[in-house]
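**Q** Here you go, sequence then predicted model.
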Amino acid sequence: MMKALDQAMTVQALADHVSGIVVGSGNALIQAVASLDVATEEALAFCEPAKQNTLGDSKAGVVLVTDAFASQCPHHAIVVPQPRLAFARLLQWLFKTPARCSGISSTAIIAPDAQVDPTAFVGPACIIGAGCQVGADVVIEAGCVLGEGVSIGAGSHIFEHVRLYDGVQVGHHCILHAGAIIGKAGFGFVLDETQRWCEVPQLGTVRLGDHVVIGANCTIDRGALGDTLIGEGVKCDNQVQIGHNTNIGAHTLICGCVGISGSVTIGSHCVLGGKTGVADHVNITDHVMLAGGSGVAQDIEKPGVYGGNPIQPITQWKRSCLHLAKLDEWARRIRALERTCE
């Protein structure tokens, strides 16, 4: 699809915003953004090196590319080191989210001692508990529930039907998408003398750093004694489960349907692929990337790329997958050899 701009922009203006170099005419007008395959002569697109063989088929008016492929663009080019990053920054600039008017809905229920900044917005049917602190320019959409003593830093956006349990701390400029549950009791039980499960009280809370994004329907459990910690700039996709007392380092990316058990430590700048599972009390160092569907049951002490279940360095895992595909052939050959020895 193509998304029209509110007003036409020159190629030079777009290039200036991302410190790019124009190849072609800087005066050409761009009126939309689009993916490379559907872009027209009035649209901006981007092309990463892996897709450079499709440049010749594109009709895009201007393409964000690296220097090596600028000459292949059909019309004009903006040369940048990282086309996808430049495209993202241009989208942020061109399609700013309109500022929400401040105010409190008449159907919201606010505890008398809760402190809500005058610039904040609180939507219909929200409940804000005793001792809560809601910072400047915070947006709380309809149906959210904040327990006692919750704090939300300036500029954060809490989407519909988010539940923040008692004592949860949300940093500045965070985004919590619809249905997220933050600070529910951790899953802690111990067998008693009669072989019945006895619940271990979860007395900690959850603390989110600044610029954290939590996807829709994620759950983050509060700590048993200490707190569950989500570092600055962490991004979680939808339907992620994070167990109690887990500590996730700054700027780690967690893809959809990841399950992280309790008391896990994950370093900074890690990436967890979709449907990855991490067992309890595992420690993962900084700068680790896990392929989708990985199963982590032991510590990872060296930065790198890993995959598989059990986890292996990625090259070893790929070899294992190739060998697995040949098991039937090897089994037939072994049976044939056995018959010759009979």
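**A** That came through, no problem.
**Q** CA only for contacts and neighbour counts going forward, please
**A** OK.
**Q** which regions of the chain lie under the pLDDT threshold?
**A** The chain contains residues with pLDDT under 70 at 342.
**Q** how's it carved up into domains?
**A** For the chain, automatic domain parsing gives the domain ranges 2-94, 103-317.
**Q** Make CSV from these and add mean neighbour count and distance to residue 330 to it.
**A** As requested, the domains of the chain are exported to CSV (neighbours: other Cα atoms under 10 Å; distance: least, Cα to Cα, whole Å):
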stretch, mean neighbour count, distance to residue 330
domain 2-94, 18, 36
domain 103-317, 21, 19
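**Q** Relative to residue 327, which of these is closest?
**A** Distance to residue 327, taken as Cα to Cα, is lowest for domain 103-317 among the domains of the chain, at 15.4 Å.
**Q** Ends of the closest one, what's the gap?
**A** From its first residue to its last, domain 103-317 covers 54 Å (Cα to Cα, to the nearest Å).
**Q** ok, back up a step: closest to residue 333 out of the domains of the chain?
**A** The stretch from the domains of the chain with the least distance to residue 333 (Cα to Cα) is domain 103-317; that distance is 23.9 Å.
**Q** Show which residues not belonging to the longest helix along the chain make contact with it.
**A** The residue-count maximum for a helix in the chain (DSSP state H) belongs to helix 327-341. When contacts are taken as Cα atoms under 8 Å, 6 or more residues apart in numbering, helix 327-341 has no neighbours outside the stretch itself.
**Q** Just list the residues touching residue 250, thanks.
**A** Under the criterion of Cα under 8 Å, 6+ apart, the contact partners of residue 250 comprise 230, 231, 232, 233, 234, 267, 268, 269.
**Q** re earlier: dump the domains of the chain to TSV, plus distance to residue 340.
**A** Written out in TSV, the entries for those read as follows (distance: least, Cα to Cα, whole Å):
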stretch	distance to residue 340
domain 2-94	50
domain 103-317	34
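**Q** which residues sit in contact with residue 15?
**A** Residue 15 makes contact with 21, 22, 78 under the criterion Cα under 8 Å, 6+ apart.
**Q** how long is stretch 243-262 from one end to the other?
**A** Taking Cα to Cα as the measure, stretch 243-262 stretches 4 Å from start to finish.
**Q** again, but for stretch 40-51
**A** Note: stretch 40-51 ends 18 Å apart using Cα to Cα.
**Q** same check, this time on stretch 180-200
**A** In stretch 180-200, first residue to last residue: 23 Å (Cα to Cα).
**Q** Just the residues contacting that stretch, thanks.
**A** Taking contacts as Cα under 8 Å, 6+ apart, the residues outside stretch 180-200 that touch it are 161-166, 168, 201-202, 205-206, 214-224, 243-244.
**Q** Out of these, which sit inside strands?
**A** For those, the ones inside strands are 163, 164, 206, 214, 219, 220, 221, with DSSP state E as the criterion.
**Q** any chance of the residues you listed in JSON lines, with distance to residue 39 too?
**A** Below are these laid out as JSON lines (distance: Cα to Cα, whole Å):
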{"residue": "163", "distance to residue 39": "41"}
{"residue": "164", "distance to residue 39": "42"}
{"residue": "206", "distance to residue 39": "44"}
{"residue": "214", "distance to residue 39": "32"}
{"residue": "219", "distance to residue 39": "39"}
{"residue": "220", "distance to residue 39": "40"}
{"residue": "221", "distance to residue 39": "44"}
